[in-house]
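[1] prediction below, plus the sequence it came from.
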Amino acid sequence: MNKVLIVTYYWPPSGGAGVQRWLKFSKYLPEFGWEPIILTVDPEYAAYPVIDNSLTGELHSSLRVYTTPATDYFSIYRKDKSKIPASGFANDTDISFKGKLLRFIRGNFFIPDPRKGWNKYAFRKACELIENEGIQHLITTSPPHSTQLLGLKLKKRYPSIQWVADLRDPWTDIYYYKQFYPTLISKLIDSRYERMVLKNSDRIITVGASLKKSFSSKIPGIENKIEVISNGYDESDFKGFEKTKPERLTITYAGTLSDIYPVSGLITALNTLSIEGCDFLLRFVGTVSGKQREQIVSGIPGSSLEFIPYIEHNQAIKHMMNSSILLLIIPSHESSRSIITGKLFEYLASGKPVLCLGPVDGDAAVIINKCRSGLTADYGDTDKISEYIGNTARVSGSPDITAVKDFSRSNLTKRIVSVLNSSRKVEQV
């Protein structure tokens with residue numbers, strides 16, 4: 001069986017979509033003749049924004065997982081690991097001088113991110129595994145993008161290794177980049193790192209067409225080595241859950257809702273429906289920023305609201321299945337057309353109607369239309385939003401099951417294998 005070393009910072013017991021991507025691919029890779037070997041950070045040294053212990057139950061006993069220590073730079077910021085900020089301070093809305101100073105330090109003294117404290121430990125272990133196991137294939141997945149610098153260093157040490165860089169999010173174009181107040185010098189350093197990874201990796205995987213276009217524009221001629229392989233859903237995650245129709249019209253949003261996710265149009269549309277006699281429940285499952293929660297509570301009656309803190313993945317799916325409509329909101333940013341959140345695919349798998357607020361010509365909208373799974377409306381198109389919710393309360397359509405299955409983890413793993421096999425042919429030549 002062919003071996004592939006997968007280097008990922010996020011791994012159970014960490015929670016989130018980034019964890020599930022390679023947890024699921026690793027689950028299915030052996031079915032196609034590839035043995036994944038995982039290199040990750042020891043949880044005792046890790047800086048995880050969220051914990052999901054239920055994901056550890058998905059680790060097969062035969063899967064080899066190696067961990068190393070790390071230098072936790074986040075400990076300088078917060079001793080309480082339960083309050084580690086996601087995306088390297090991006091969700092920290094502290095506008096005080098101290099808050100701004102900490103983000104400035106993160107953006108200018110920890111390039112590309114504070115989780116780079118893992119790299120020196122991971123490099124030593126990766127070298128050991130590559131040499132002892134005879135590994136010829138390497139996958140590095142990010143964010144954190146510092147993991148890609150590890151791949152760059154390993155490629156320099158072992159030029160014959162076939163290196164696949166999996167870039168799940170934009171790098172210097174990420175929607176929260178400016179919140180770090182990077183100086184011109186910092187931007188130049190970060191951009192140089194990004195271009196070096198794009199240029200020197202043998203193959204690149206990213207999650208959407210717009211993101212492929214963005215990365216391709218940075219290094220002329222790399223389009224052909226970039227493969228779009230989206231996130232997806234695991235059919236086994238939905239076993240045992242029945243799709244139910246709640247008595248009350250229930251609109252569920254699952255995931256993080258930070259200040260950059262516009263909700264005012266939704267609030268106006270729901271108030272219109274309320275005046276017309278529509279009885280609804282707007283449910284948020286996950287982390288909602290204080291500012292967003294205040295805006296929502298001030299605009300919608302408390303009897304029509306429910307806030308459920310971050311819960312384990314299987315419980316989140318249970319809430320999805322017990323909903324009338326699943327709400328997806330794309331962050332408002334100049335790169336919003338390229339954003340495809342991981343939860344979209346589980347929304348599709350649930351078979352529930354999806355209401356997406358964001359660019360009607362964005363990558364997420366294209367997927368929803370392809371699967372006939374819902375509607376995308378501009379953030380402020382209150383008439384379209386209220387009309388869709390009202391109509392869905394009465395009649396819901398049927399998604400294109402064949403199109404939805406294209407995003408199953410098993411089918412997506414076949415595409416990962418295709419990338420690995422193509423690089424293997426190059427190696428043999």
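    Happy to help now that I have it.
[2] how about residue 346: what's its closest non-neighbour residue?
    The shortest distance from residue 346 to any non-neighbouring residue, by C-beta to C-beta, 6 or more residues apart in numbering, is to residue 233 (4.8 Å). Backbone N, C-alpha and C define where each C-beta goes, glycine included.
[3] state the distance from the one you found to residue 164.
    22 Å (C-beta to C-beta, to the nearest Å).
[4] and the lowest-mean-pLDDT helix or strand in the chain, which residues are buried?
    In the chain, no helix or strand scores lower on mean pLDDT, DSSP states H and E than helix 409-428, which sits at a mean of 82. For helix 409-428, a neighbour-count test (16 or more other C-beta atoms under 10 Å) marks 409, 410, 412, 413, 415, 416, 417, 419, 420, 423, 424 as buried.
[5] tell me what that helix is packed against?
    Counting contacts by 3 or more C-beta pairs under 8 Å, 6 or more residues apart in numbering; DSSP states H and E, helix 409-428 packs against strand 2-7, helix 17-28, strand 137-142, strand 162-167, strand 203-206.
[6] now those in a markdown table, with distance to residue 309 and mean neighbour count?
    Converted to a markdown table, those look like this (distance: least, C-beta to C-beta, whole Å; neighbours: other C-beta atoms under 10 Å):
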| stretch | distance to residue 309 | mean neighbour count |
| --- | --- | --- |
| strand 2-7 | 31 | 22 |
| helix 17-28 | 18 | 22 |
| strand 137-142 | 27 | 25 |
| strand 162-167 | 30 | 25 |
| strand 203-206 | 31 | 22 |
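[7] among those, which comes closest to residue 376?
    Among the helices and strands packed on helix 409-428, helix 17-28 comes nearest to residue 376, with 19.6 Å by C-beta to C-beta.
[8] point out the other helices and strands that that closest one packs with.
    Contacts defined by 3+ C-beta pairs under 8 Å, 6+ apart place helix 17-28 against strand 2-7, strand 34-41, strand 137-142, helix 409-428.
[9] possible to save those as a markdown table with distance to residue 285?
    Converted to a markdown table, the helices and strands packed on helix 17-28 look like this (distance: least, C-beta to C-beta, whole Å):
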| stretch | distance to residue 285 |
| --- | --- |
| strand 2-7 | 29 |
| strand 34-41 | 26 |
| strand 137-142 | 25 |
| helix 409-428 | 21 |
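[10] tell me which helix or strand residue 297 sits in.
    helix 290-299 (DSSP states H and E).
[11] OK, contacts around residue 208?
    Residues in contact with residue 208 (C-beta atoms under 8 Å, 6 or more residues apart in numbering) are 228, 230, 338, 339, 340, 363.
[12] can you count the residues close to the closest residue to it other than its chain neighbours?
    Counting by C-beta to C-beta, 6+ apart, residue 208 lies nearest to residue 363, which is 4.2 Å off, once chain neighbours are set aside. Number of residues near residue 363 (other C-beta atoms under 10 Å) recorded here: 24.
[13] cool, the one 4 residues further on as well?
    Burial of residue 367 is recorded as 23 neighbouring residues (other C-beta under 10 Å).
[14] the strand or helix carrying it packs against which elements?
    Residue 367 is part of helix 363-370, with elements assigned from DSSP H and E. With contacts taken as 3+ C-beta pairs under 8 Å, 6+ apart, helix 363-370 sits against helix 209-216, helix 343-350, strand 354-357, strand 374-377.
[15] who are the packing partners of whichever helix or strand comes after the first one?
    If you walk from helix 209-216 toward the C-terminus, the next helix or strand you reach (DSSP H and E) is strand 226-228. Using 3+ C-beta pairs under 8 Å, 6+ apart as the contact criterion, the elements in contact with strand 226-228 are strand 203-206, helix 209-216.
[16] convert the first one to CSV, retaining C-alpha atoms only.
    What follows is strand 203-206, C-alpha atoms only, in CSV (Å, rounded to 0.1, in the frame of the first residue of the first chain):
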residue,chain,number,x,y,z
ARG,A,203,0.4,20.0,-6.7
ILE,A,204,-2.1,22.4,-5.1
ILE,A,205,-5.6,21.5,-3.8
THR,A,206,-8.1,24.2,-3.0
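[17] adjacent strands (with direction) for it?
    strand 162-167 (parallel), strand 226-228 (parallel) (DSSP bridges).
[18] closest one to residue 308 among these?
    Using C-beta to C-beta, those put strand 162-167 closest to residue 308, at 30.9 Å.
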